[in-house]
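>>> Sequence and computational prediction follow.
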Amino acid sequence: MFSARMELPEDALSENLYAFALASTQIKEYCNRCLTNTTRLKKCAGCNEFFYCSQECQKMDWKIHKPECKSIQEHGTLASDSMRLAMRIIVLLGKKNFGHVTASYISTGSRSFLTLVDHGSFLDSGAEAFYQEYLNFALPPYPEPDVVKSVFKKISINGFSVSNSMGSAIGHGLCIKLSAANHSCKPLTRVCYRNRTAMLVPIDPYKPPTSLEGACHSYIDELQPVSARQAELKKKYNFICICEGCMDDERNEAMEAWACGDCANGKVPNVEDGRCGSCGWKMTRDHYELCRTAEESAIAAKPKIENESIPLETRKVLCEKLMELFDETLHAFNVHRVVPQRLLFFASLAVQDINGASKHGKALLAMMMRYQGEHDPIVMLKKWQIAQICHANGEYNEVVKLLEEIHAPLKEIYTADAPISLNIGRLMEMARSELQKSR
Ligand SMILES: [Zn+2]
Ligand SMILES: [Zn+2]
Ligand SMILES: [Zn+2]
Ligand SMILES: [Zn+2]
């Protein structure tokens with residue numbers, strides 16, 4: 001099979017989104033057609049909710065936006081993000097636009113909306129509820145119920161989170177071609193966007209993907225213990241993960257390792273007879289109980305920490321208590337730390353506590369570097385965020401160091417004239433001239 005050895009063509013891992021729906025919190029920031037983010041957007045005069053960068057974009061989007069626009073006028077409110085995505089796809093299907101793509105590197109030869117997997121009856125009850133919600137929002141004429149249900153199933157299984165060039169989620173979308181790529185908890189690519197173009201960007205320069213299916217990205221937050229990842233994948237996507245990450249015992253053990261009771265950075269596997277990998281110290285009964293309590297507290301607290309209806313301050317206090325509990329129990333790279341660490345970082349930013357943001361951001365970055373690596377776009381974007389905090393904190397050496405690592409690769413991903421590339425260049429200059437001054 002010579003074809004399997006062939007390198008993937010340049011455009012194999014990028015694609016214009018077939019359809020997308022901006023998150024309701026983002027509709028004022030982006031063109032509803034091309035996802036350009038500019039300050040000079042024009043409002044749709046029909047619904048007074050959505051914006052366009054130009055008349056051309058508005059015109060091109062009108063047929064797809066029309067049902068959405070009319071339903072806003074009728075109900076005085078926006079449908080949910082997934083409902084709007086479905087409504088937009090239903091228009092495309094009505095126009096017989098199935099997003100058909102043919103290419104030699106697609107294992108089945110071609111793909112279209114019609115060939116996307118929906119996992120049979122797995123999502124039946126969700127699909128039924130979604131159909132009832134659809135009838136509440138959309139205006140007639142209605143398609144057959146099965147069409148709506150199938151759209152729901154296909155976007156649940158194949159949908160992508162759409163992000164901006166800062167890596168922040170701005171909506172939901174569907175790719176026909178790229179949805180062929182499999183999942184891995186130790187992914188080879190990360191999904192990035194140049195406006196409306198989705199790209200599977202290779203994470204490891206020494207391990208470029210060799211097929212579309214094999215350009216695995218992570219469908220979930222992979223910084224979780226193996227059991228939590230597998231449970232989430234089973235629940236959302238109905239498969240039992242046997243990816244490279246799930247088979248990597250050493251990595252999985254590190255993700256759940258406990259702190260040594262004797263030496264400073266020692267790692268002890270989370271089992272009763274665990275021994276420290278550095279000093280050989282054997283787990284005591286007391287230490288085992290303490291560590292297990294810390295681990296159970298982390299699991300119990302996660303839904304509360306992620307519940308946005310609980311005040312940020314309350315969640316912050318909870319996370320601070322957890323971090324204290326983790327101090328001598330969970331190893332520094334134990335992924336149970338990730339959720340509280342993220343929240344503390346976010347909470348510091350929210351009140352412009354620069355020292356706190358710097359501390360928590362760096363701890364989070366160390367964790368990401370350990371499991372995702374320096375070439376991963378989400379790691380580079382985190383460095384960019386931390387560089388801005390360091391700049392506000394007067395740590396100019398740190399700023400230059402961080403930005404030198406990411407300037408060229410991010411320019412390659414987002415293009416040289418993308419706002420992020422220009423902003424990185426600018427901040428690097430500023431930090432350098434501050435360093436000059438202090439010499
Ligand atoms: Zn536009
Ligand atoms: Zn409108
Ligand atoms: Zn896995
Ligand atoms: Zn030790």
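Alright, I've got the coordinates. Ligands and ions are numbered 1, 2, ... in the order given.
>>> how does this structure divide into domains?
13-202, 256-352, 372-439 (automatic domain parsing).
>>> need these in TSV with mean pLDDT, distance to residue 242 and mean neighbour count, can you?
For every residue, glycine as well, the C-beta is placed using N, CA and C. Below are the domains of the chain laid out as TSV (pLDDT from 0 to 100; distance: least, Cβ to Cβ, whole Å; neighbours: other Cβ atoms under 10 Å):
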stretch	mean pLDDT	distance to residue 242	mean neighbour count
domain 13-202	95	10	18
domain 256-352	97	19	17
domain 372-439	96	21	17
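>>> okay, those in TSV with distance to ligand 2 next?
Below are those laid out as TSV (distance: least, Cβ to the ion, whole Å):
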stretch	distance to ligand 2
domain 13-202	3
domain 256-352	28
domain 372-439	26
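>>> Now the residue in the stretch 1-150 of the chain that ligand 3 sits nearest to: which helix or strand?
Going by Cβ to the ion, ligand 3 is nearest to residue 119 of the stretch 1-150 of the chain, at 17.7 Å. Following DSSP states H and E, there is no helix or strand that holds residue 119.
>>> Look up how far ligand 1 lies from it.
34 Å (Cβ to the ion, to the nearest Å).
>>> Excluding chain neighbours, give the residue nearest to that residue in space.
residue 238 (5.0 Å; Cβ to Cβ, 6 or more residues apart in numbering).
>>> so which of the domains of the chain comes closest to residue 248?
domain 13-202 (6.3 Å; Cβ to Cβ).
>>> Around ligand 4, pick out the residues from the protein.
Contacts of the chain with ligand 4, taken as Cβ under 5 Å from the ion, map to 260, 262, 263, 266, 276, 278, 279, 281.
>>> out of everything not next to it in sequence, what's closest to the fourth one?
With sequence-adjacent residues excluded and distances taken as Cβ to Cβ, 6+ apart, residue 266 is closest to residue 260, at 2.8 Å.
>>> Put the alpha carbons of stretch 100-115 into CSV.
Provided in CSV are the C-alpha atoms of stretch 100-115 (Å, rounded to 0.1, in the frame of the first residue of the first chain):
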residue,chain,number,x,y,z
HIS,A,100,-19.8,17.2,-0.4
VAL,A,101,-16.0,16.7,-0.5
THR,A,102,-14.0,14.3,-2.5
ALA,A,103,-10.3,13.7,-2.0
SER,A,104,-7.8,10.8,-2.4
TYR,A,105,-6.8,11.1,1.3
ILE,A,106,-10.4,10.5,2.5
SER,A,107,-10.5,6.7,3.2
THR,A,108,-14.1,6.4,1.9
GLY,A,109,-13.3,8.6,-1.2
SER,A,110,-15.8,11.3,-0.2
ARG,A,111,-17.8,12.7,2.7
SER,A,112,-20.9,14.8,3.1
PHE,A,113,-23.4,15.7,5.7
LEU,A,114,-25.3,12.6,4.6
THR,A,115,-22.5,10.3,5.4
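>>> Could you tell me which residues make contact with residue 421?
For residue 421, the contact set (Cβ atoms under 8 Å, 6 or more residues apart in numbering) comprises 407, 410, 411, 414, 415.
>>> any idea which of those is the one closest to residue 342?
residue 410 (21.4 Å).
>>> I'd guess that closest one is in a helix, am I close?
Yes: Residue 410: assigned to a helix according to DSSP: H, G, I helix; E, B strand; the rest coil.
>>> Okay, it and residue 58: tell me how far apart.
Going from residue 410 to residue 58 by Cβ to Cβ, to the nearest Å gives 31 Å.
>>> Packing partners of the host helix or strand of residue 338?
Using DSSP H and E, residue 338 maps to helix 338-350. When contacts are defined as 3 or more Cβ pairs under 8 Å, 6 or more residues apart in numbering; DSSP states H and E, helix 338-350 packs onto helix 285-305, helix 312-326, helix 354-371.
>>> any idea of the angle the last one forms with helix 312-326?
Read it as helix 354-371. 60 degrees (axes from the mean of the first three to the mean of the last three Cα atoms, to 10 degrees).
>>> For helix 354-371, name the packing helices and strands.
So helix 354-371, by 3+ Cβ pairs under 8 Å, 6+ apart, packs with helix 249-255, helix 338-350, helix 377-392.
>>> that older thread, could I get the contacts of residue 421 as JSON lines with distance to residue 387?
Output for those, formatted as JSON lines (distance: Cβ to Cβ, whole Å):
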{"residue": "407", "distance to residue 387": "10"}
{"residue": "410", "distance to residue 387": "11"}
{"residue": "411", "distance to residue 387": "15"}
{"residue": "414", "distance to residue 387": "16"}
{"residue": "415", "distance to residue 387": "20"}
